[in-house]
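In: Here you go, sequence then predicted model.
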Amino acid sequence: MQFGKVNNPGAIDFSLPEDHPGTAKVLAAKKNKKEFEVYVGCAKWNRTDLKGFYPPGTKDELKYYATQFNAIELNATFYKMPDWKQVDTWKNKTPQGFRFFPKLTNTITHYKRLIDVKQEVSVFCDAVSNFEDRLGMAFLQLHDNFKPVHFDRLKQVLEDFPKGIPLGVEVRNEEWFSSKAVNDQYCALLEKQGMTNILVDTAGRRDMLHMRLTGTTAFIRYVGANHPTDVARLDAWVQRIKKWRTEGLQQLYFFVHQNVELESPLLAAHFIRSMNSTFGLNLKIPDKAGEQGALF
């Protein structure tokens, strides 16, 4: 993942910002004793990107991947509109408890830029609904140059979005974060629609680390920099998640990216170990991650 890549990650202050005041409020308002649901995965299952992760002779990468992780951030649906047959094929390669997190197709977000996309959204949602119990949450990622001046387009799409499909939203343009009034309006819309405000932790865009949850679900896209700081950053996330859990966090969706994806399973394995230890969980630690060698 090249978004937010910098030439010298060692010069970046990777400390997590303080929580937005709205986060504690929204967690407290919906706090209950529900079991903590945690899903951790990588961005893709491609053998080329995850070199060394698959045992020799692996014939079906997704089928093996799904024995090692309980979730996948599904970027394939961003580049091509899925159909129900493809979704059915993917679903049937995974065990119960596995979750897919499909990204809305770029026709909707980047080419048509949310203009007159009701039919495309319907086609997408009809397809991914076939994941059935394997569907985690769809997510809508807007182009870097999609600005708050087009807020009404986004509002209309979110209000019309099928209620049976959970949705996270990722805005990228700096103007969504630089204006308090704009950000408050945006977050209020997500809260009203019961949608998740996606957090992105990447070196070159620290403004996207807004620490503003809009519900009891945290959807975090973590982008490592292939640098020794990556591990400490993950440890800091575990501590912040611990705080959120005491305040009422119910679901965590955490996806590990890298500028060079080779080390993603290693970083994910480190994060899973820390989560298991901190929360008394029993998440699977990927087998081959331990055989790839030490990080850095």
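Out: Received, thanks. The structure displayed is predicted, hence computed values, not measured ones.

In: and residue 281, how many neighbours?
Out: The local packing count at residue 281 equals 12, with neighbours defined by other Cβ atoms under 10 Å. For glycine as for every other residue, the C-beta is placed from the backbone atoms N, C-alpha and C.

In: actually residue 260, not the one I wrote
Out: When neighbours are counted by other Cβ under 10 Å, residue 260 comes out with 14.

In: try residue 158
Out: 17.

In: Then residue 72?
Out: Quick note: residue 72 (other Cβ under 10 Å) scores 26 neighbours.

In: Now for it: which residues touch it?
Out: For residue 72, the contact set (Cβ atoms under 8 Å, 6 or more residues apart in numbering) comprises 41-45, 62, 65-66, 98-101.

In: Do a quick rundown of the strands in the stretch 101-250 of the chain.
Out: Along the stretch 101-250 of the chain, the stretches classed as strands by DSSP state E, counting those that start in this stretch are 138-141, 167-170, 196-197, 199-201, 217-224.

In: hang on, the earlier thing: just the buried ones from the contacts of residue 72?
Out: With burial judged by 16 or more other Cβ atoms under 10 Å, the buried subset of the contacts of residue 72 is 41-45, 65-66, 98-101.

In: Among the residues you listed, which lie within strands?
Out: Secondary structure of the buried ones among the contacts of residue 72 is defined by DSSP state E; positions in strands are 41-42, 99-101.

In: Looking at those residues, which one is closest to residue 226?
Out: The shortest separation between residue 226 and any of those is 14.5 Å, and it belongs to residue 42 (by Cβ to Cβ).

In: If we ignore the residues flanking it in sequence, what's nearest that closest one?
Out: Spatial nearest neighbour of residue 42, chain neighbours left out: residue 264 (4.6 Å); criterion: Cβ to Cβ, 6 or more residues apart in numbering.

In: The one you found and residue 221: what is the separation?
Out: Using Cβ to Cβ, to the nearest Å, we find residue 264 at a distance of 12 Å from residue 221.

In: Residues that sit against both of those two, list them.
Out: Common contact partners of residue 264 and residue 221 (Cβ under 8 Å, 6+ apart): residue 257.

In: so what's the backbone phi/psi at the residue nearest to residue 42?
Out: phi -60, psi -50 (degrees, to the nearest 10).

In: That one and residue 65, how far apart?
Out: From residue 264 over to residue 65 the distance is 11 Å, taken as Cβ to Cβ.

In: Now for these two: what residues contact both?
Out: residue 42.

In: Tell me how many other residues crowd residue 95.
Out: By other Cβ under 10 Å, the burial measure for residue 95, its neighbour count, is 10.

In: And for it, nearest residue in space, chain neighbours not counted?
Out: With sequence-adjacent residues excluded and distances taken as Cβ to Cβ, 6+ apart, residue 95 is closest to residue 66, at 6.2 Å.

In: How confident was the prediction at the one you found?
Out: pLDDT for residue 66: 98.

In: Ok, residue 1 next?
Out: 56.

In: where exactly do the helices run in the protein?
Out: For the chain, the helices defined by DSSP state H occupy 21-29, 61-68, 76-79, 84-91, 106, 118-128, 151-160, 175-178, 180-193, 229-247, 264-279.

In: tell me the most buried of the ones you listed?
Out: helix 264-279 (a mean of 20; mean count of other Cβ atoms under 10 Å).

In: quick one: low-confidence ranges for the chain?
Out: Along the chain, the model assigns pLDDT under 70 to residues 1-6, 261, 288-296.

In: that older thread, now do the contacts for the residue nearest to residue 95.
Out: Under the contact definition (Cβ under 8 Å, 6+ apart), the residues listed for residue 66 are 72, 93-95, 98.

In: could you dump the residues you listed to TSV with distance to residue 142?
Out: Putting the contacts of residue 66 into TSV (distance: Cβ to Cβ, whole Å) gives the following:
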residue	distance to residue 142
72	22
93	30
94	28
95	33
98	27
